[in-house]
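>>> Generate a structure from the sequence data that follows.
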Amino acid sequence: MSSPILDVRPLDFQWQTSDPFLFCAFHRDKFPRGNGELGPDASLAGRNIGQDFELRDGWRMYHGDRIPGFPGHPHRGFETITIVPHGLVDHADSLGAAGRYGDGDVQWMTAGKGLQHSEMFPLLDKDNDNSLLLFQIWLNLPSSSKMVEPNFTMFWKEEIPVVKNVDDQGKHISVEVIAGEYEGTTSPSPPPDSWAADNESHVAIWLVEMEEGATWTLPAHTTGLSRMLYFYEGETIEAAGQSIQVSHGLQLKSGEALALKAKGKSASLLLLQGKPIAEPVAHHGPFVMNTREELQQAFTDYQRDQFGGWPWERNDQVHGERGRFARYADGKEEEPTQE
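Numbering: from 1, shown residues only. Presented below is the predicted three-dimensional model:
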């Protein structure tokens, strides 16, 4: 009998994906305590400031020079889905929208025809370390949607459904449904222009937690989908007769179920699944189009008007000491409903 596992590959900072996904960046940083200005209370000497991707002392500044993160930069032609189980992100963009989200929230941003945004990691705790765990998934847009109006949608942790089950041995499993459907539970609605908004695309993004010793079966779905399961935290999982070590990804057949068992420690996994868009991809830096000509036009457009400019005082805009919030381009502001 053939295995539902097509390939097993090691995971690094940038995880390989398949159409309709472009890649998934994995950030895990144990930042030190904050310095009162939302940066690290630690020396930055010896770091390659502006391009600090070395995991020195367990954390990185990325492109930040005062606050870790990614100061203003442009995008066109795809979407970012930013999942933040731990830590905070401060968002600002060229449309004047802003937000602070994290500790379980998800931001789904459609870059569409183009915008600039910044993603900074404010270190609010001045007495203790500030940990960050973040996945940023790049989901492609079909040619018909590449030039739609940009926007972002917040999925606050309080509204993301979690399906909790117990196996035959009394061990616990939870499945957080960020996109798609699981056991009759449906995710919040993706943005209307997203590939994920069409049910026929079968896009699924799940975070799966398995107690040590738990068994769980990833159900079969429609054949012909891209399906990847990333084992990012734990020790070992047993899958289809194979022993898979942590920090490995499994490329799977979407039409076959996969039985899993967490061994040694509890296991944390991310599922990405979707119908391929099956269009040419021309990708350079922050732009993802269908042809080289469209890529060149994206660079030309950005050089001409900076996708609307930058209305903020700082390129690494942060939002002080306030809590989680979102302010949209139309001026509407919201905060998560506390349970």
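
>>> what about L225, neighbour count?
20 (other Cβ atoms under 10 Å). Yep, even glycine has a C-beta here, placed from its N, CA and C like the rest.

>>> how near is it to G274?
Noted for L225: a distance of 6 Å to G274, by Cβ to Cβ, to the nearest Å.

>>> Which residues in stretch 38-53 does the neighbour count mark as buried?
Buried residues in stretch 38-53, counted by 16 or more other Cβ atoms under 10 Å: L38, G39, P40, R47, D52.

>>> ok, residues contacting stretch 25-34?
11, 13-15, 40-42, 55, 57-60, 68, 87, 121-136, 232 (Cβ atoms under 8 Å, 6 or more residues apart in numbering).

>>> Only whichever of those are buried, select them in PyMOL.
Buried residues within those, by 16+ other Cβ under 10 Å, are selected in PyMOL with:
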select buried, resi 11+15+40+59+60+68+87+121+122+123+124+130+132+133+134+135+136+232
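
>>> hmm, back to that, what touches both of L225 and G274?
H202.

>>> residue boundaries of the helices in the stretch 201-339 of the chain?
Along the stretch 201-339 of the chain, counting by DSSP state H, counting those that start in this stretch, helices occupy 292-305.

>>> Can you pull the poorly scored residue ranges out of it?
338-339 (pLDDT under 70).

>>> per-residue confidence at the residue nearest to the spatial centre of the chain?
Closest residue to the average C-alpha location of the chain: Q136 at 2.6 Å, with Cα atoms, centre = their mean. Looking at Q136, its pLDDT stands at 98.

>>> Specify the beta-bridge partners of it.
Q136 has these beta-bridge partners by DSSP bridges: A25, T82.

>>> and P280, how many neighbours?
Applying other Cβ under 10 Å, we find 11 residues neighbouring P280.

>>> need the contact list for it.
Here P280 is in contact with N290, T291 (Cβ under 8 Å, 6+ apart).

>>> ditto for the one 10 residues further on
Residues touching N290, when contacts are defined by Cβ under 8 Å, 6+ apart, comprise S143, K146, E279, P280, V281, A282.

>>> Any quick ChimeraX command for the buried ones out of these?
Entered in ChimeraX, the line below selects the buried ones among the contacts of N290, by 16+ other Cβ under 10 Å:
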select :146,282
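
>>> and the contacts of N290, which of them are in strands?
A282 (DSSP state E).

>>> could the buried residues of stretch 38-53 go into JSON lines alongside secondary structure and pLDDT?
Formatted as JSON lines, the buried residues of stretch 38-53 follow (DSSP: H, G, I helix; E, B strand; the rest coil; pLDDT from 0 to 100):
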{"residue": "L38", "secondary structure": "coil", "pLDDT": "98"}
{"residue": "G39", "secondary structure": "coil", "pLDDT": "98"}
{"residue": "P40", "secondary structure": "strand", "pLDDT": "98"}
{"residue": "R47", "secondary structure": "coil", "pLDDT": "96"}
{"residue": "D52", "secondary structure": "strand", "pLDDT": "98"}
